[in-house]
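Colleague: after the sequence you'll find the predicted model.
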Amino acid sequence: MERKTPSIIVFDLDLTLWNCWCDCTTGPYELVSSDGTSTNPGDIVVKDQYGQRIRLYPEVASVLEYCQSSLPDVVLAVASRTDTPPQARALLHHFGLHSHFRLQEIYPGDKKQHMRRIAADAGTPIHSILFFDDEERNVISTRQIGVVAVHVPDGLTSNSFTAGLSHYHTQRL
């Protein structure tokens, strides 16, 4: 019998977890919290050298907290096609998210390759991956290789995450 929850949950970065394309920003970055004291990732604002404000979508931190507390056996990963991997990694670090993601595939290329490497590194079949991305072309592409992919055109929300888990469950019955 197949597992009803994914072995791996993968998130795109740009316009899925945060509000911009990191390759349209310029480091170095400066950490600024919205109230000056908060360390909650959802309250943190990062500015690039020109003052562009980058922030996580409002419900991203709570989704990641849910994964850690309620899905502790699920591996969390990120997959990004960015042309600027160092900037993506810097933003993950500034938001305090780098430690949430055991696997990180951040480089230009096809998301199919990202998913294959993530599955191989985790030692799990590719069909046990649940993937969230704002770009429909990445969703379509990864579905072709057996990934359960969810389109989140307005970024990750608690509702889209819950719907994705339900969709995974339905696809794997």
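Modeller: Looks like it came in fine. Numbers count the residues shown, from 1 in each chain.
Colleague: now stretch 109-127: buried residues?
Modeller: Residues 111-112, 114-119, 122, 124, 126-127 are the ones in stretch 109-127 that count as buried (16 or more other CB atoms under 10 Å). Every C-beta, even on glycine, is put in place using the N, C-alpha and C of the backbone.
Colleague: can I get the residues you listed in CSV including secondary structure, pLDDT and distance to residue 32?
Modeller: Shown next, in CSV, are the buried residues of stretch 109-127 (DSSP: H, G, I helix; E, B strand; the rest coil; pLDDT from 0 to 100; distance: CB to CB, whole Å):
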residue, secondary structure, pLDDT, distance to residue 32
111, helix, 97, 31
112, helix, 97, 37
114, helix, 98, 30
115, helix, 98, 34
116, helix, 98, 38
117, helix, 98, 34
118, helix, 98, 32
119, helix, 98, 37
122, helix, 96, 35
124, coil, 95, 38
126, helix, 96, 39
127, helix, 95, 41
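Colleague: now the two most distant members of these.
Modeller: Pairwise distances across the buried residues of stretch 109-127 peak at 17.2 Å for 111 and 124 (criterion: CB to CB).
Colleague: this structure: helices as residue ranges?
Modeller: For the chain, applying DSSP state H gives helices covering 60-70, 85-94, 111-122, 136-143, 158-171.
Colleague: make JSON lines out of those and add distance to residue 48.
Modeller: Putting the helices of the chain into JSON lines (distance: least, CB to CB, whole Å) gives the following:
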{"stretch": "helix 60-70", "distance to residue 48": "19"}
{"stretch": "helix 85-94", "distance to residue 48": "9"}
{"stretch": "helix 111-122", "distance to residue 48": "25"}
{"stretch": "helix 136-143", "distance to residue 48": "25"}
{"stretch": "helix 158-171", "distance to residue 48": "27"}
